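[1] Turn this into a model:
(one chain, ligands or ions: 2)
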Amino acid sequence: MLYEKAPAKINLTLDVLHKRPDGFHEVEMIMTTVDLADRVWLRQTDDGRITIKVSERFVPNDRKNLAYQAAEILKKRYGVVKGVEITLDKKIPVAAGLAGGSSDAAAVLRGLNRLWNLGISADELAQIGSTIGSDVSFCVHGGTALATGRGEKIEHLKAPPNCWVILAKPSISVSTADIYRNLDLNSIAHPDTSAMISALKSGDYDKMCSSVGNVLESVTMRLYPQVVDLKEKMEKFGADAVLMSGSGPTVFGFVKNEYRVSRIYNGLKGFCSDVHAVRMLGERLNLD
Ligand SMILES: C[C@@](CO)(OP(=O)(O)O)[C@H](O)COP(=O)(O)OP(=O)(O)OC[C@H]1O[C@@H](n2ccc(N)nc2=O)[C@H](O)[C@@H]1O
Ligand SMILES: Nc1ncnc2c1ncn2[C@@H]1O[C@H](COP(=O)(O)OP(=O)(O)O)[C@@H](O)[C@H]1O
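    Ligands and ions are numbered 1, 2, ... in the order given. From the prediction side, this is the model:
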């Protein structure tokens with residue numbers, strides 16, 4: 001039995017440059033992993049089958065599960081005759097903008113690379129991951145990175161300065177495809193990606209806070225006013241910077257002062273059941 005941790009990501013910036021002929025959007029986004037993680041166990045079996053057991057009722061336990069697709073791709077590509085039983089203990093909220101499914105898939109790629117002794121490099125594993133979903137490449141590496149293309153081109157960046165991250169998800173689920181579809185490319189207020197890169201380079205917390213930005217935020221907020229409400233509450237309770245992650249609806253806030261964390265956490269808990277206080281992991285995951 002082999003274990004892999006599958007951490008969630010947040011988007012410090014998310015910019016959309018244009019729509020591509022293949023229907024996807026050309027993006028430029030800075031992502032970082034946080035210490036809220038699904039737990040993934042892989043057990044080799046002799047029957048050649050891929051099976052999934054999952055703790056969360058609403059997550060598919062068949063080939064619709066991205067973790068299943070990850071195992072299937074490796075099995076086919078490398079002619080593996082063994083099977084695998086995948087057990088997913090979901091801690092990351094589902095359809096939240098935190099890449100839970102992508103991170104599970106990435107964890108299965110890393111784990112099966114070890115379990116089946118495939119000797120695939122991290123970059124190649126990330127390339128294989130990109131065929132499953134746009135966020136999977138980043139999740140294979142973890143850490144902090146600038147992602148371009150449709151999200152699959154990764155350039156590693158320095159870990160963000162140390163602080164707390166409060167995550168809060170309203171009890172709605174958001175479809176990523178829906179949000180991209182509703183984005184009006186003619187009225188985008190682009191975030192300053194280079195300012196964020198330089199904030200990370202110099203470890204400047206205040207500059208990191210003032211450089212967050214996500215062009216999908218206004219789209220999701222228009223469709224789901226609960227996100228506006230949550231963002232305003234987190235700002236009012238005293239977070240230093242507040243932003244929606246990915247296509248949402250999870251909102252995160254940076255907090256430097258420890259004494260403020262419990263105040264914000266408890267304040268939000270009063271009306272939102274899905275609240276977490278976590279740290280950014282910063283460094284890349286170990287692929288050995
Ligand atoms: C918005 C982001 C930001 O990190 O994350 P989430 O909110 O999903 O976590 C990503 O761009 C999402 O990545 P991911 O969830 O892997 O997307 P995919 O499965 O590849 O695509 C889902 C759908 O989103 C749209 N899509 C996705 C990526 C992209 N660059 N352009 C797009 O237009 C497409 O309509 C696609 O059919
Ligand atoms: N391993 C998985 N964990 C969660 N959701 C999954 C998984 N595999 C497939 N899905 C499907 O993907 C959808 C989006 O899930 P998720 O990855 O959690 O969200 P997001 O893309 O917003 O980060 C879910 O509604 C679910 O049906």
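[2] C-alpha coordinates for the longest helix along the chain, CSV please?
    What stands out as the longest helix in the chain, according to DSSP state H, is helix 100-115. In CSV, the C-alpha atoms belonging to helix 100-115 read as follows (Å, rounded to 0.1, in the frame of the first residue of the first chain):
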residue,chain,number,x,y,z
GLY,A,100,-9.2,18.8,-5.7
GLY,A,101,-9.9,16.4,-8.6
SER,A,102,-6.8,17.6,-10.5
SER,A,103,-4.6,17.1,-7.4
ASP,A,104,-6.0,13.6,-6.8
ALA,A,105,-5.1,12.8,-10.4
ALA,A,106,-1.6,14.2,-10.0
ALA,A,107,-1.2,12.2,-6.8
VAL,A,108,-2.1,9.0,-8.6
LEU,A,109,0.4,9.8,-11.4
ARG,A,110,3.2,10.3,-8.8
GLY,A,111,2.1,7.3,-6.8
LEU,A,112,1.8,4.9,-9.6
ASN,A,113,5.1,6.0,-11.0
ARG,A,114,6.6,4.7,-7.8
LEU,A,115,4.3,1.7,-7.3
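[3] And that helix, what's buried?
    Within helix 100-115, the residues scored as buried using 16 or more other C-beta atoms under 10 Å are 100-113, 115. Placement of C-beta: from N, CA and C, glycine included.
[4] again with stretch 193-204
    So for stretch 193-204, counting by 16+ other C-beta under 10 Å, buried means 193, 195-197, 199-200.
[5] one step back: report the next helix or strand after the longest helix of the chain in sequence order.
    Where DSSP states H and E defines the elements, the next helix or strand beyond helix 100-115 is helix 122-130.
[6] Check which helices and strands the helix or strand following that following helix is in contact with.
    Using DSSP H and E, the helix or strand that follows helix 122-130 towards the C-terminus is helix 136-141. Judged by 3 or more C-beta pairs under 8 Å, 6 or more residues apart in numbering; DSSP states H and E, the packing partners of helix 136-141 are strand 2-19, helix 100-115, helix 122-130, strand 144-149, strand 153-156.
[7] Looking at these, which is nearest to I166?
    strand 2-19 (10.9 Å; C-beta to C-beta).
[8] Would you mark the buried spots in the helix or strand where V278 lies?
    Assigned by DSSP H and E, V278 belongs to strand 274-279. For strand 274-279, the buried set under the neighbour-count rule, 16+ other C-beta under 10 Å, comprises 275-278.
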